[in-house]
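Participant: show me how the following folds:
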Amino acid sequence: MANRSYLYATDRIPSRAQDQSKPVVRGLSEWAYAIPLSYRLLVSADTVICPSMIWELDDDVALAGDYDKGVKRLRDFLARIDWLEARELVEQAEAFLLAPENRADHVMLEAAEVLTMGDQPVAESSRALLAGLADLDEEMERTLRHLNQVKPSAPGPLARMLGLKPADPLAPVRELGLGYWSNVLYFDFSED
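Facilitator: Numbering: from 1, shown residues only. Next up is the predicted model:
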């Protein structure tokens, strides 16, 4: 099984209080072996660290942020990607995240599976992930510069003559966490 990061929408941030009813939770996306930039942008507004909904751990390791502000931050970033070829992935992300049935008060990032791949304890890695959200503006600028450098171009004459095509010209944009939106995730809370 792949170590994944999971993204959920929820009506309230989980707490350790015993008398609190379970929050309403909807799956949004999952990503193998990484925590993509889109996930971090979505959870980056008014972020708090909180108990995991997946793992019963003594430490708080999940991150929760304001859904609407996170979606706005992601949309502002995606609007700056100047790839006509990526327009469909951007529109798909926006349509999914703005759909009333997917919207909630908070967005939650469950990244413990990915964080366990590192050398630090998960709680320490979660706090570092939270602190790293402060550097997202710089990362967005680096990412946009990189995307401009690898932007798809028309194949050269030899490539056209041989019928060569790149495996996935949109891979650099997909790596941002785009193209894999679904309410059905490995850890599903819809039946709880």
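Participant: pretty sure L63 sits in a strand.
Facilitator: Yes - counting by DSSP: H, G, I helix; E, B strand; the rest coil, L63 falls inside a strand.
Participant: could you list the low-pLDDT ranges of the chain?
Facilitator: Along the chain, segments meeting pLDDT under 70 span 1, 19, 153-167, 190-192.
Participant: what's the residue closest to the geometric middle of it?
Facilitator: The structure's the chain has its C-alpha centroid closest to Y39; by Cα atoms, centre = their mean the separation is 1.9 Å.
Participant: looks like that one contacts E30 (just checking).
Facilitator: No - the criterion here is Cβ atoms under 8 Å, and Y39 misses it with E30 at 9.5 Å. C-beta: built from backbone N, CA, C; applies to glycine.
Participant: can you pull the residues that touch both of these two?
Facilitator: Listed as contacting both Y39 and E30 by Cβ atoms under 8 Å, 6 or more residues apart in numbering are 5, 7.
Participant: for this structure, which segments count as helices?
Facilitator: Here the chain has its helices, by DSSP state H, at 37-42, 67-78, 87-98, 112-115, 122-132, 136-149, 157-162, 171-174.
Participant: now for those helices, which one comes closest to V48?
Facilitator: Closest approach to V48 among the helices of the chain (Cβ to Cβ): helix 122-132, 8.4 Å.
Participant: can you list contacts of the closest one?
Facilitator: For helix 122-132, contacts defined as Cβ under 8 Å, 6+ apart pick out 35, 40, 47, 49, 57, 59-63, 111-112, 115-116, 118, 120.
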